[in-house]
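# Got a predicted structure here, sequence first:
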Amino acid sequence: MKLKIIVLLISFFFVEHLHAQSAMVTDVADLIGNNEIISIKIDEEEYRLNPNGQLSLARGNILTDSIIYNENGNIKTVYTFASEEPREKIIIKYDENELLIAADYFVPLNNKDYLVNSLIFESKKKTPDGIIKNYKFKDGDSTLEFHFNNQGLMEKKITIHPSHGYYWQEEFEYNDFSEEKRKKKKKNPYNNTMLENKWVLYNSKYNDGIVPEFNNLRSTNFTIKLKKNIRKNENFVAFTNYEYDMKGNIIKMIEEQFKDDELEKKIVREYKYVYDNRGNWTNKTLYYNGKKDSDIIRTILYK
């Protein structure tokens with residue numbers, strides 16, 4: 001019983017860590033897929049890309065993550081270390097058609113790997129406009145519903161936590177560069193299933209990493225131009241709108257929080273960028289409600 005309680009506590013902190021750790025990748029995700037880059041540094045953090053432009057290492061102040069890919073380019077395993085000691089790992093499983101069917105989350109305990117939770121594929125349903133995929137976590141009552149169009153683009157995601165009375169919905173609108181790329185004879189390197197797998201793995205509400213990665217124009221013929229969030233929890237509702245430029249970088253976020261149907265708080269974040277001669281930003285400045293808040297400076301090492 002005591003061991004079970006420890007594992008459950010570790011499970012909670014592990015999920016929270018995953019949310020925070022994956023959020024760090026947001027500031028380098030727009031470079032993923034660029035095989036001309038060796039590494040990126042932001043303060044004490046270092047990120048390395050493999051020869052295919054895939055993120056293979058993310059080293060921060062405390063943790064080091066390494067990512068292993070299968071032969072088809074899907075993420076197979078993620079390892080996390082603390083002071084070079086193993087801390088957590090995620091093992092992702094696919095079926096014969098490369099559909100993501102499970103993501104198992106492990107933590108080390110008494111020199112053994114303990115499975116603390118699993119994200120499991122439940123069902124899929126074809127629609128005239130695309131496909132709907134449903135996933136759930138093995139422990140707990142959380143469910144995830146993904147709506148993809150016929151190009152493999154996620155147009156809507158619904159997350160429900162019934163026991164906590166929590167509902168969260170995301171909606172996306174896209175820029176279409178298909179015609180422009182056809183004229184340049186550029187092919188889409190991803191199939192729909194691989195693209196859909198990425199959206200499922202980037203399911204955390206704390207992680208916007210998929211958007212800059214998706215928007216880097218190397219992944220697909222489309223970029224996200226608008227994202228809308230609706231979060232509900234008992235008497236609290238929040239509406240968030242995100243705007244992106246043609247390079248796929250976020251330029252504005254407006255969040256309105258309501259309590260008992262009255263506007264309680266409004267947050268406006270705006271972003272400005274400085275670019276290098278290869279078109280990648282090296283300085284991102286955040287303005288919070290009209291006032292300068294912070295700068296993110298990144299150093300990119302090219303081949």
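Arrived safely.
# what's the helix or strand harbouring residue 146 in contact with?
For residue 146, the enclosing helix or strand under DSSP states H and E is strand 143-149. Residues outside strand 143-149 that contact it (Cβ atoms under 8 Å, 6 or more residues apart in numbering) are 119, 122, 129-136, 154-160, 192, 196, 199-200, 203. (Each C-beta comes from the backbone N, C-alpha and C, glycine too.)
# Check which element follows it along the chain.
Where DSSP H and E defines the elements, the next helix or strand beyond strand 143-149 is strand 154-161.
# from the middle of its chain, how far away would stretch 30-47 be?
What separates the centre of stretch 30-47 from the centre of its chain is 16 Å, taken as Cα atoms, centre = their mean, to the nearest Å.
# Go through it and flag the buried ones.
By neighbour count on 16 or more other Cβ atoms under 10 Å, the buried set for stretch 30-47 is 30-34, 37, 39-40, 42, 45-47.
# what's the model's confidence in that stretch, averaged?
Taken as a whole, stretch 30-47 has an average pLDDT of 86.
# Surely residue 196 is within a helix?
Yes - following the definition DSSP: H, G, I helix; E, B strand; the rest coil, residue 196 is counted among the residues of a helix.
# In contact with it, which residues?
With contact taken as Cβ under 8 Å, 6+ apart, residue 196 is in contact with 100, 131, 133, 146, 148, 152, 154.
# what's the distance between the fourth one and residue 72?
Read that as residue 146. As defined by Cβ to Cβ, to the nearest Å, residue 146 lies at a distance of 20 Å from residue 72.
# Those two: who's more crowded?
Legend: neighbour count by other Cβ atoms under 10 Å for residue 146 and residue 72, higher for residue 146 (22 against 12).
# Closest one of the buried residues of stretch 30-47 to residue 246?
Checking the buried residues of stretch 30-47 against residue 246 by Cβ to Cβ gives residue 30 as the nearest, at 12.6 Å.
# Which residue is the nearest non-sequential neighbour of residue 42?
Once flanking residues are discounted, residue 42 sits nearest to residue 298: 4.6 Å by Cβ to Cβ, 6 or more residues apart in numbering.
# Can you report how many residues lie near the one you found?
The burial metric for residue 298, expressed as a neighbour count using other Cβ under 10 Å, is 19.
# what's the helix or strand for it?
Once you assign secondary structure using DSSP H and E, residue 298 falls within strand 291-302.
# Would you mark the buried spots in that strand?
Residues of strand 291-302 classed as buried by neighbour count (16+ other Cβ under 10 Å): 296, 298, 300.
# So which elements touch it?
Judged by 3 or more Cβ pairs under 8 Å, 6 or more residues apart in numbering; DSSP states H and E, the packing partners of strand 291-302 are strand 37-42, strand 281-288.
# Can you give me the buried ones in the host helix or strand of residue 108?
Assigned by DSSP H and E, residue 108 belongs to strand 100-109. Across strand 100-109, burial judged by 16+ other Cβ under 10 Å covers 100-101, 103-107.
# Quick one: residues contacting the residue lying closest to residue 50 once chain neighbours are set aside.
When the adjacent residues along the chain are set aside, residue 50 lies closest to residue 56, with 4.4 Å between them (Cβ to Cβ, 6+ apart). The neighbourhood of residue 56, defined by Cβ under 8 Å, 6+ apart, consists of 48-50, 66-67.
# bridging residues for residue 229?
Listed by DSSP bridges, the beta-bridge partners for residue 229 are residue 170, residue 240.
# just checking, it touches residue 253?
No - the pair residue 229 and residue 253 does not pass the contact test of Cβ atoms under 8 Å, sitting 9.6 Å apart.
# what touches both of the two?
Common neighbours of residue 229 and residue 253 are listed as 240-242 (criterion: Cβ under 8 Å, 6+ apart).
# Drop anything exposed from the residues you listed.
Going by neighbour count (16+ other Cβ under 10 Å), the shared contacts of residue 229 and residue 253 have 240, 242 buried.
# Just name the closest of the shared contacts of residue 229 and residue 253 to residue 248, please.
Nearest to residue 248 among those, counting by Cβ to Cβ, is residue 242 at 11.6 Å.
# Leaving out the residues flanking it, which one is nearest to that closest one?
Across the structure, with Cβ to Cβ, 6+ apart as the measure, the residue nearest residue 242 apart from its sequence neighbours is residue 227 (4.1 Å).
# give the contact list for that neighbour.
Applying Cβ under 8 Å, 6+ apart, the residues near residue 227 are 170-173, 211, 241-242, 244.
# The same query, at a cut-off of 10 Å, please.
Contacts for residue 227 were tallied using Cβ atoms under 10 Å, 6 or more residues apart in numbering; they are 170-173, 208, 211, 240-244, 250, 253.
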